[in-house]
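Asks: coords below, sequence missing:
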């Protein structure tokens, strides 16, 4: 199938004319997401079409283990190159109007290969630094050899059979070897508008099938040349000083004119290490760190690792070639001891999730940690945010495990399960109930620990993989829940144990459904005392905050009305009682709030609703009043004994949600055999009444003011030594300054560069990375207000120049794809009853088209001054147990993302939305719904790759950012902040 190249050539021609810059195959591959072969056709079409008008130059710019790249240079740029390198050699070129593109290209290829053949001999080794204006050849060796321009030779009509002007190129090469290398100048990649992307072949297919045989032959010739170069590796020290090199340093100053003696280079002739000469027979000695042998050893080790990784990369040339490119850049920039850092850059160059980045990789130079901390880094040498260092492995870890195993042995337990949840299956739990965190050291909000006589394992989901790897000690094994090779907790238990094995767990901390699953395969034991509690010294006290009662006007509905509706639903299901253990359900039903759980304004308690009474079990010393509903208070500890009494009454027809109630509760109620397993309160709570909707709108407007202040402060302070922890603290400070603010709705998530790839990264002051320009900064924050609960995420990048030339183009492409998915879901119109799994594709489709995805859900419900994560509906690629679908009045987040820890960036864009009815028309009496954003914080428009967005998406972004300005104009008093909001709206208007 032929590919229409016109969409590519139009933009590429504009780039060539306006930017006066070279067009290369890697650049076009990155720009349009096309294969190198397609990029080559684009170059040829531009050259043949515009030779006379543009006066293009066609040249070979590199060889990647047999795969050559080409570029088009404007006449003006070529003249500038001539002038800059006039002291080295004359610059010659082919005019496209005189020669055919293919003959020019193949002729230069032959010249390059013949020149290499005649100059890479064992008796005439090439020096490591030879500079040339246009042609660079990367061999399989670690070095970079740059040849003089050979485009002055006449071009043969056939690339394979015509004679090559080898003598002229060899003479020019020898003349150049005696000259000093010029300083390497960094080339900034300018941003350029990109067209919509048509379907193309897989990026991993570097060659067409008919080219494969020729490419393999070329690659083998390059490797043969590398063998010659490797034989003289000791000649050139790899450890380069920080100061600029003298002209003769890369050469051998003691024997510069004796290249024909193969054993001379092995003599110790180190100009920088006169006291530590290299021993000819011990080139890999690592004992002296300043000797040039140590980088060699590191590089050889990295080459072995690279060879292994090559099997995992479709393009066999990409892996080793990228490593050689990074090595050459390091040598030219005179970076000391490049081995390990270059290997890391190589791993970053090959993207995750099967996505290979072909564009040229502009990475700043590595900076020692001690220099990084001295001052705010300059754009050329800024530090890259790293993942937080693993916490110190405490000596108490093994002691705690030893004591735990002793208790297990006393109770004849083969394994003990330690969940993250409390007795109410809560997502967030107070310190006194964070048993899994205390025993394992992992601080994430989700996970399950299992301790056996010889192992300690921790399961957690993809949000926390990187965090868990950094926090767990060597005593613990991380089980990456949801990955292909990782069994679930119950599956692992079933595989390693049987009915003859006793597995212990606190029955109040696991759901009824999970307990039933475990009991099918093992002898499940629920001790009366939690084993962690028995060994946890200095355990925090159980919270008991004052209870706040909401008025009917504040809640929008009275307690009596809610109880009456609940009893009506119970009757419809044939039930006369319901057990409630979810804290947010209880607080919503009784119109009460508290502060027992950090970030969640709830109180600890249980509720049993019958047809004539409401039984509330709370800690003593609290008062709750609700007239007209038959409210009866009981001590919190009497809940299970009270249920045992209820279970003996055969007239009770009970219902509960087996995903909310604990296994212990279900065991007590087993004699009743509940008629229905469902939770009507969760559905009632998710459908906000008009008062709650108005309160949420007000809360989000106030929260948007705080978020705009935060982003404006970040733009002004990024050059002032601020860190991720500083930004997180600023977020909390700005929200607390607002009226009716209670707290954050979760711990602020602020990550820069690589830390942004950790989905729920919480910065700590001791390990927080600096916030720097040209790197992504992800901020996911939210607040609790008397009016409602908020949740919002923005990913920003503060460029060092308006053209964003130093911002990673791969990051911008992913940012644009995520934004397109965000807009796709936000603008959806769908019939009432549509489920979240049916809408999830709208947010992921653009990432899927790039071979990318994200591991978390796309959206979740948000409470009204309750939990930030609220059910029962969600937007996810996984089926939900809730089958009724969306209805008007629900709130839902829209937060697609993408995270590349190898390349060092993460993207997430989140707005909270209200579901409403956009039209009166119906089809078969079915209403249609859509989303309305509640957050009004501008989205950074200049990061978008305009060519990837259609006009509807651009229009939405323009209108949204303009709406943000309109909403913030009467609310923000700080002119500086308001100017920032206006600037974002103006940037969006340029799309």
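Replies: Yep, that arrived. Everything numeric here is computed off the predicted structure, so don't read it as measured data.
Asks: Can you give me the distance of the spatially closest residue to residue 783 that is not a sequence neighbour to residue 705?
Replies: By the measure of C-beta to C-beta, 6 or more residues apart in numbering, the closest residue to residue 783 outside its immediate chain neighbours is residue 735, 4.4 Å from it. C-betas here are computed from N, CA, C, even on glycine. Going from residue 735 to residue 705 by C-beta to C-beta, to the nearest Å gives 10 Å.
Asks: The two: which is more packed in?
Replies: residue 735 (27 against 24; other C-beta atoms under 10 Å).
Asks: What's the separation between the more buried one and residue 475?
Replies: Distance from residue 735 to residue 475, by C-beta to C-beta: 39 Å.
Asks: ditto for residue 39
Replies: 51 Å.
Asks: what's the answer for residue 797, then?
Replies: 39 Å.
Asks: just residue 649 next, same as before
Replies: Taking C-beta to C-beta, one finds residue 649 at 49 Å from residue 475.
Asks: Looking at these two, which is more packed in?
Replies: residue 475 (14 against 11).
Asks: And the pLDDT at the more buried one?
Replies: The score at residue 475 is 89. That number is its pLDDT.
Asks: Assign a three-state SS to it, would you?
Replies: coil (DSSP: H, G, I helix; E, B strand; the rest coil).
Asks: I figured it was touching residue 456, is that so?
Replies: Yes: the pair residue 475 and residue 456 passes the contact test of C-beta atoms under 8 Å, sitting 5.6 Å apart.
Asks: Any chance you could list residues touching both of these two?
Replies: residue 401 (C-beta atoms under 8 Å, 6 or more residues apart in numbering).
Asks: re the thing from before, got the confidence number for the residue nearest to residue 783?
Replies: 97.
Asks: Let me see the backbone angles for it.
Replies: Reported as degrees, to the nearest 10, the phi and psi values for residue 735 are phi -70, psi -40.
Asks: ok, now residue 46?
Replies: Torsion angles, degrees, to the nearest 10, at residue 46: phi -60, psi -40.
Asks: sorry, back to before: look up how far residue 834 lies from the residue nearest to residue 783.
Replies: Where residue 834 is concerned, residue 735 sits at a distance of 34 Å (C-beta to C-beta).
Asks: Check residue 697 too.
Replies: 23 Å.
Asks: and residue 622, how many residues sit next to it?
Replies: Neighbours of residue 622 (other C-beta under 10 Å): 18.
Asks: try residue 565
Replies: That count, for residue 565 with other C-beta under 10 Å as the rule, works out to 15.
Asks: ok so it is a helix residue?
Replies: Yes: with three-state DSSP as the criterion, residue 565 is located in a helix.
Asks: For it, which non-adjacent residue is spatially closest?
Replies: Per C-beta to C-beta, 6+ apart, closest to residue 565 is residue 684, 6.6 Å.
Asks: packing partners for the helix or strand that the one you found is a member of?
Replies: Assigned by DSSP states H and E, residue 684 belongs to helix 680-686. Judged by 3 or more C-beta pairs under 8 Å, 6 or more residues apart in numbering; DSSP states H and E, helix 680-686 is in contact with helix 559-572, strand 577-580, helix 583-590, strand 870-875.
Asks: for this protein, what are the low-confidence residue spans?
Replies: 1-3, 16-22, 30, 48-398, 626-628, 674-676 (pLDDT under 70).
Asks: what's the domain layout of it?
Replies: 6-248+264-279+333-337, 396-535, 548-686, 690-989 (automatic domain parsing).
Asks: measure the longest one end to end?
Replies: In other words, domain 690-989. 34 Å (C-alpha to C-alpha, to the nearest Å).
Asks: and if you look at the third one?
Replies: Chord length of domain 548-686, first to last residue, is 21 Å (C-alpha to C-alpha).
Asks: Which one, of the helices and strands packed on helix 680-686, ends up nearest to residue 401?
Replies: Judged by C-beta to C-beta, the one of these that comes nearest to residue 401 is helix 583-590, at 31.5 Å.
Asks: After the closest one, which helix or strand is next?
Replies: strand 592-593.
Asks: what lines up beside that following strand in the sheet?
Replies: strand 548-549 (antiparallel) (DSSP bridges).
Asks: and residue 673, how many neighbours?
Replies: 8.
Asks: Revised request: answer the last question for residue 973.
Replies: 8.
Asks: One more: residue 740?
Replies: Residue 740: 15 neighbours (other C-beta under 10 Å).
Asks: Okay, helices next: where are they in the stretch 801-950 of the chain?
Replies: 809-826, 836-848 (DSSP state H, counting those that start in this stretch).
Asks: Next, the angle from the shortest one to strand 870-875.
Replies: For helix 836-848 against strand 870-875, the angle by axes from the mean of the first three to the mean of the last three C-alpha atoms, to 10 degrees is 50 degrees.
Asks: And for helix 836-848, what's in contact with it?
Replies: Applying C-beta under 8 Å, 6+ apart, the set of residues contacting helix 836-848 is 814, 817-818, 820-822, 824-825, 828, 830, 853-854, 858-859, 873-880, 885-886, 892, 894, 896, 898.
Asks: Mind checking which of those are buried?
Replies: Among the contacts of helix 836-848, those classed as buried by 16 or more other C-beta atoms under 10 Å are 814, 817-818, 820-822, 824-825, 828, 830, 854, 858-859, 873-876, 880, 885-886, 892, 894, 896, 898.
Asks: Out of the helices of the stretch 801-950 of the chain, which one sits most buried?
Replies: Highest mean neighbour count among the helices of the stretch 801-950 of the chain (mean count of other C-beta atoms under 10 Å): helix 809-826, with a mean of 24.
Asks: so residue 622 sits in a strand?
Replies: No: counting by three-state DSSP, residue 622 falls outside a strand, being coil.
Asks: From residue 988, how far out is it?
Replies: Residue 622 is 50 Å from residue 988, by C-beta to C-beta.
Asks: pretty sure residue 778 is in a strand, no?
Replies: Yes: going by three-state DSSP, the assignment for residue 778 places it inside a strand.
Asks: okay, now the closest residue to it other than its chain neighbours: neighbour count?
Replies: Leaving out its chain neighbours, the residue that sits closest to residue 778 by C-beta to C-beta, 6+ apart is residue 756, at 3.9 Å. Counted with other C-beta under 10 Å, residues neighbouring residue 756 total 31.
Asks: Let's verify residue 756: helix, strand, or coil?
Replies: Under three-state DSSP, residue 756 comes out as helix.
Asks: pretty sure it is in contact with residue 899, am I right?
Replies: Yes: Residue 756 lies in contact with residue 899 (C-beta under 8 Å); the separation is 7.4 Å.
Asks: what does the helix holding residue 684 contact?
Replies: Against helix 680-686 from outside (C-beta under 8 Å, 6+ apart): 562, 565-566, 569-570, 573, 578, 580, 582, 584-585, 588-589, 657, 861, 863, 866, 870-873, 882, 884, 890-891.
Asks: can you check stretch 716-733 too?
Replies: 376, 385, 706, 710, 713-714, 744, 747-752, 755, 762-765, 768-773, 777, 779, 781, 798, 976.
Asks: Which helix runs longest in this protein?
Replies: If you go by DSSP state H, the chain has its longest helix at helix 690-717.
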